[in-house]
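K.L.:
How does the following fold in three dimensions:
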Amino acid sequence: MWLTLLWHMGLRLPWTWKSGPSHACERDHFRELLQEQPFPDNTLFCADAGFTGYDWWRAILTAKQNFLIRVGANVTLRRRLG
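P.N.:
Modelled structure (predicted):
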């Protein structure tokens, strides 16, 4: 069994979760939760380094939410694109 849990840091309580088989992917779970669940305005998703990538971050921004992701030295961020 695999469980992906979104935690509300202010309330210190679980907000929502999704379970699946042991071969499930937490990134897929989160993407599904982002599409299925309503989140309050100005939600800030905080995640670990496993949640990097343009497509991933674009999905969060498309849902009109914000994110704070810890990245490692293996992630290159582009600057001066516009």
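
K.L.:
Which helix runs longest in the chain?
P.N.:
If you go by DSSP state H, the chain has its longest helix at helix 26-36.

K.L.:
residues in contact with it?
P.N.:
2, 4, 6, 16, 18, 20, 47, 50-51, 56, 59-60, 63, 65 (C-beta atoms under 8 Å, 6 or more residues apart in numbering). Any C-beta I mention is one placed from the backbone N, CA and C, and that applies to glycine too.

K.L.:
So which bits of it are buried?
P.N.:
26-27, 29-31, 33-34 (16 or more other C-beta atoms under 10 Å).

K.L.:
Dump the residues you listed to a markdown table, plus pLDDT.
P.N.:
Written out in a markdown table, the entries for the buried residues of helix 26-36 read as follows (pLDDT from 0 to 100):
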| residue | pLDDT |
| --- | --- |
| 26 | 89 |
| 27 | 88 |
| 29 | 92 |
| 30 | 91 |
| 31 | 90 |
| 33 | 93 |
| 34 | 91 |
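
K.L.:
which one of these sits closest to residue 10?
P.N.:
Residue 10 lies nearest to residue 33 out of the buried residues of helix 26-36, by C-beta to C-beta, at 18.3 Å.
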